[in-house]
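**Student:** okay, predicted coordinates and the sequence, questions at the end:
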Amino acid sequence: MNARPNNTPSGSAVVGRPVAHESAHLHVSGKASYIDDLPELAGTLHAAAGLSTCARGRLKSLDLSAVRAYPGVRAVITAADIPGENNCGPILHDDPIIANDAIQFYGQVLFAVAADTRDAARQAARLAKAEYEIETPILDMDAAIAAESWVLPPFAMTRGAVDAAFATAPHTLSGTAAVGGQEHFYLEGQISYAQPKEDHSLHLICSTQHPTEMQQLVSHALGWRSHQVSVECRRMGGGFGGKESQSAQWACLAALLAVHTGRPVKLRLDRDDDMIATGKRHGFQYQWESAFDNSGRLLGLKLQMASNCGYSADLSGPVNDRTICHIDNAYYLDAVALRSLRCKTNTVSNTAFRGFGGPQGMFVIETVLDDIARHLGLDPLAVRQNNFYDVEPGARSSTPYGMIVEDNVAPALVAELASECDYAARRAAIAEFNASSPVIKRGLALTPIKFGISFNATHYNQAGALVHVYTDGTVLVSHGGTEMGQGLYTKIKQIVAHEFGLPLEDVRLSSTDTSRVANTSATAASSGADLNGKASQNACLNIKTRLAAFVVDLCNGKVKAEDVVFTDGRVKAGDCYDAAFGDLVLAAYRARIQLWDAGFYRTPKLHFDPVTKLGRPFYYFAYGASASEVAIDTLTGEMRLLRVDILHDVGRSINPALDIGQIEGGFVQGMGWLTSEELWWKSEGPQAGRLMSHAPSTYKIPTATDLPAVFNVRLYDNANVEDSIHRSKAVGEPPFMLALSVFQAIRDAVAATLPAGQPVQLSAPATPEAILDAILLGQNTEADDGH
């Protein structure tokens, strides 16, 4: 094996610097090309889908004659026109591209139309006449549980002596909780542009987080093989998990129509159709019993979690598995009995969303501990701290799924934030304020996070990259990750520039394309930079090794490979060699030395049994904590977020500016999930199952006015204990769960309206209506107890 060159960072190292997003200048000038901005090929048709107006039943008849007769319509396809497999389900084959007979939710695709213009296609699609044999739909989790309606069988696990813990515990408590789903609300909707090529092949430009899965499902739908389909994605206008598996249906429809007509076909969903026909975050319901001591330390936990999966499995299996792996959050659970229900309802199939089930797991344990603290009359933060995992691996270090927590910085991080945000003094001041304020009540909460980084499905923890060095010394990189605004391309650019000792402007990234890097994993699970950064680094090191060996030859062996340094755009080797990088590369080319290479990376140490849910599913944990202060109006239920303090662990940051942006954005999106973003379906009548919150007018994401006046965010000083890329840590998903402090602060404010020790029964999202309900429910409970 050839010796590696010196890899010590130079004074001009670009890793660790707050570099602007590589497309920022394009974003702000309107020059960043998204799919709908690309010049259309001659003959391009535009597609639209016809959606069902029945939540459950059988399709008795479908009259498409008026659709076909509409001016400009060139093709209409139904399930009968699919030459291959009628499925876009990523794991189970239970998700039809086009409904054939059974109707399983309001908004399911019945047919697709291609026309000369987008307006013509959409108008024609409305002319279909469908008749249904209507059946009673299952629209919520309670009905699904009663009917034992599951997309996957229930799962149960027990760890420790649960019954003994409850029998001997000084205290026990029980409760229920619920948290709603969430719309992805990406700025760019679902869109695919399918372009037929010669000899039965097709190129698909798709807004997707998973190009390889699009390649596979499109080829299956066409009855083709993978090498006939290539999928490309330069950037998405947001994804958040909603373009991991959910982009497949629209990619398949565009591809089917393109092959059917022999012409390019673009399909872009209208915002209303996008919200109606694509999956959301899973809503959850919980029933729990806790056993604990006088300090609030958990001795035992019994928990039933039900998730609303929608009509098909989609990614509900791994989402619920990750929920199971995050019910502990940062806390040691000695004895736990868990039951996980994966409910099948007649609503759109729910899917991946930032956090991928982790937020729903953390939500319930934070609620359990908060209730314990109020029952005992203790500060909720003190109870949380009493339940932390051991700092060093010890008796309280094993997770419920059998992984040892070896890198626990949560206690130190939380203590630092509590001191920095003046938690104790503010808590006393809020108590004093509430005592003299009959209408406005304030609340404060400080919550931690411990989020596992890696795919639960071990085989996805791999990545490839392709690096080309050109003879003028510039570099082109292609890798398997996708850019959705999070800055992955920027970090890869920094990593590659660092390896070659080049300025950032000498490195460029090409679009992600399955014809360049094959068998890619989804850009998900917060692993984009971890996986693709390591793969890109590996390719660079392969090239540098050859270049270093060439320098050794040029110096007639007077230096060793490890003496060769790439820095400041030059390559140096002691007193023997000093040349511009481009000059060395040109000389190497003339010496017939390979100047490109493929890189590969697989995450080490991982193993997880999908049946028992035991093993080490995560390479490491990302930690963080947030303190939120809120005020509520007890007459209207209105809530205002007053102040937020965040301390978050990203390891050794590759790009602090991007990481802080991700932390801020993730927090605000999480706040929306827990406070304002409410999904609502009609529950009865002829439109039962219809999503009514299907536009910005009825679905409320946070805006600039929802931000607190004081918003402090700081990165925690901590290197990753594992050999991640430059000892950094993932930052895409973990900050989302920092918003749990907002919900817990609202609970704290509601508690100020109730007698001491009384539990707060607040569901999420904590809309004004939910806050008023919690206040009234608590007051009615007090009245009943008094009676």
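**Tutor:** That came in fine, so what should we check first?

**Student:** residue contacts, residue 527?
**Tutor:** If you count contacts by C-beta atoms under 8 Å, 6 or more residues apart in numbering, residue 527 has them with 453, 454, 455, 461, 521, 603, 730. Placement of C-beta: from N, CA and C, glycine included.

**Student:** so which of those residues belong to strands?
**Tutor:** Counting by DSSP state E, the part of the contacts of residue 527 found in strands is residue 453.

**Student:** the helices in the stretch 301-450 of the chain, which residues?
**Tutor:** With helices called from DSSP state H, counting those that start in this stretch, the stretch 301-450 of the chain shows them at 316-324, 358-376, 380-386, 410-420, 423-436.

**Student:** kindly reformat those helices as CSV containing mean neighbour count and mean pLDDT.
**Tutor:** Listed next are these as CSV, based on neighbours: other C-beta atoms under 10 Å; pLDDT from 0 to 100:
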stretch, mean neighbour count, mean pLDDT
helix 316-324, 24, 98
helix 358-376, 25, 98
helix 380-386, 21, 98
helix 410-420, 18, 98
helix 423-436, 14, 98
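
**Student:** mind listing what residue 80 touches?
**Tutor:** Shown here is residue 80, whose contacts under the criterion C-beta under 8 Å, 6+ apart are residue 100.

**Student:** and what about it, helix, strand or coil?
**Tutor:** helix (DSSP: H, G, I helix; E, B strand; the rest coil).

**Student:** my guess is residue 670 contacts residue 741. True?
**Tutor:** No: with the criterion set as C-beta atoms under 8 Å, residue 670 and residue 741 do not qualify as a contacting pair; they are 9.5 Å apart.

**Student:** more neighbours, the two?
**Tutor:** residue 741 (30 against 26; other C-beta atoms under 10 Å).

**Student:** for stretch 124-140, C-alpha coordinates in PDB please.
**Tutor:** The C-alpha trace of stretch 124-140 is given here as PDB (Å, rounded to 0.1, in the frame of the first residue of the first chain):
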ATOM      1  CA  ALA A 124     -59.000  18.200 -18.000                       C
ATOM      2  CA  ALA A 125     -58.400  16.100 -14.800                       C
ATOM      3  CA  ARG A 126     -61.400  17.800 -13.200                       C
ATOM      4  CA  LEU A 127     -63.800  16.500 -15.800                       C
ATOM      5  CA  ALA A 128     -63.600  12.800 -14.800                       C
ATOM      6  CA  LYS A 129     -66.700  11.200 -13.500                       C
ATOM      7  CA  ALA A 130     -66.200   8.600 -10.800                       C
ATOM      8  CA  GLU A 131     -68.700   6.400  -9.100                       C
ATOM      9  CA  TYR A 132     -67.800   4.700  -5.800                       C
ATOM     10  CA  GLU A 133     -69.200   2.000  -3.600                       C
ATOM     11  CA  ILE A 134     -68.600   3.800  -0.400                       C
ATOM     12  CA  GLU A 135     -67.500   2.100   2.800                       C
ATOM     13  CA  THR A 136     -67.100   3.500   6.300                       C
ATOM     14  CA  PRO A 137     -63.600   5.000   6.600                       C
ATOM     15  CA  ILE A 138     -61.300   4.600   9.600                       C
ATOM     16  CA  LEU A 139     -60.100   8.100  10.200                       C
ATOM     17  CA  ASP A 140     -58.400   8.200  13.600                       C
END
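
**Student:** next, the buried residues of it.
**Tutor:** For stretch 124-140, burial by neighbour count (16 or more other C-beta atoms under 10 Å) applies to 124, 125, 127, 128, 130, 132, 137, 138, 139, 140.

**Student:** could you turn the buried ones of the contacts of residue 527 into a ChimeraX selection?
**Tutor:** Selection of the buried residues among these in ChimeraX, burial being defined by 16+ other C-beta under 10 Å:
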select :453,454,455,461,521,603,730
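
**Student:** pLDDT and distance to residue 44 added to the contacts of residue 527, as TSV?
**Tutor:** Rendered in TSV, the data for these read as follows (pLDDT from 0 to 100; distance: C-beta to C-beta, whole Å):
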residue	pLDDT	distance to residue 44
453	98	41
454	98	41
455	97	36
461	98	38
521	98	31
603	98	41
730	98	39
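
**Student:** mind putting the contacts of residue 527 into a markdown table with distance to residue 147?
**Tutor:** What follows is the contacts of residue 527, written out as a markdown table (distance: C-beta to C-beta, whole Å):
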| residue | distance to residue 147 |
| --- | --- |
| 453 | 37 |
| 454 | 36 |
| 455 | 32 |
| 461 | 37 |
| 521 | 36 |
| 603 | 40 |
| 730 | 39 |
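
**Student:** so which of the contacts of residue 527 are in helices?
**Tutor:** If you go by DSSP state H, those have nothing in helices.

**Student:** nearest to residue 666, of the contacts of residue 527?
**Tutor:** residue 730 (11.4 Å; C-beta to C-beta).

**Student:** now that closest one: how far from residue 594?
**Tutor:** In this structure, residue 730 lies at 32 Å from residue 594, with C-beta to C-beta, to the nearest Å as the measure.

**Student:** so where does residue 237 fall, helix or strand?
**Tutor:** Of the helices and strands defined by DSSP states H and E, none includes residue 237.

**Student:** please tell me how far it sits from residue 694.
**Tutor:** Per C-beta to C-beta, residue 237 is found 19 Å from residue 694.

**Student:** ok, the residue lying closest to residue 187 once chain neighbours are set aside - how many residues close by?
**Tutor:** Beyond its immediate neighbours in the sequence, the residue positioned closest to residue 187 (C-beta to C-beta, 6 or more residues apart in numbering) is residue 237, lying 4.4 Å away. When counting by other C-beta under 10 Å, one arrives at 18 neighbours for residue 237.

**Student:** what pLDDT does residue 237 get?
**Tutor:** As predicted, residue 237 sits at a pLDDT of 97.
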